[in-house]
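Chemist: got a sequence here, can you build the structure:
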Amino acid sequence: QVQLLESGGGLVQAGGSLRLSCAASGRTFTYFMGWFRQAPGKEREFVAAISWSGGSTYYADSVKGRFSISRDNAKNMVYLQMNSLKPEDTAVYYCAAALLRGRYDLTSDYDYWGQGTQVTVSS
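Modeler: Purely as a prediction, here's the structure:
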């Protein structure tokens, strides 16, 4: 079992920054840790993922160059630094954990999910 708890969401103006945090407890080894987001009326979509070692990171084209994912295994934490935020980044952001190697961008390949944190970007 893995429990995930996100924090750091909020309201920010366009062009601003936020840092999301995800605290993991329970089973400590996860192959991938990912961030996904879901806007009202839309499907949940991949944002970023990171491998266990942190040596491999992956990003959706829409956030590449603006967002950065990192992890601290000693603290069981995963972070998503979001810069140059746009109104279209507004969504509930979810942290997810994949126990086995699979597609890092597929929701179905993740085994555990947090409850989500709201990010709202005003224009």
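
Chemist: helix/strand/coil for the residue nearest in space to the middle of the chain?
Modeler: In the chain, the residue lying closest to the centroid (Cα atoms, centre = their mean) is residue 35, at 2.0 Å. Going by DSSP: H, G, I helix; E, B strand; the rest coil, the secondary structure assigned to residue 35 is strand.

Chemist: how many other residues sit next to the closest residue to it other than its chain neighbours?
Modeler: Leaving aside its chain neighbours, residue 35 sits nearest to residue 47 (4.3 Å; criterion: Cβ to Cβ, 6 or more residues apart in numbering). Where you see a C-beta, it was placed from the backbone N, CA and C, and this is true even at glycine. When neighbours are counted by other Cβ atoms under 10 Å, residue 47 registers 24.

Chemist: could you do residue 108 as well?
Modeler: Neighbour tally, residue 108, other Cβ under 10 Å: 7.

Chemist: are we agreed that it is in a helix?
Modeler: Yes: according to three-state DSSP, residue 108 belongs to a helix.

Chemist: ok, it to residue 37 distance?
Modeler: Residue 108 sits 16 Å away from residue 37, going by Cβ to Cβ, to the nearest Å.

Chemist: same check on residue 20?
Modeler: Residue 20 is 10 Å from residue 37, by Cβ to Cβ.

Chemist: shared neighbours, those two?
Modeler: Common neighbours of residue 20 and residue 37, using Cβ atoms under 8 Å, 6 or more residues apart in numbering, are 93, 119.

Chemist: residues contacting the nearest residue to residue 111 once chain neighbours are set aside?
Modeler: In space, and not counting its chain neighbours, residue 111 is closest to residue 99: 5.0 Å by Cβ to Cβ, 6+ apart. Neighbouring residues of residue 99 by Cβ under 8 Å, 6+ apart: 2, 27, 29, 30, 31, 111.
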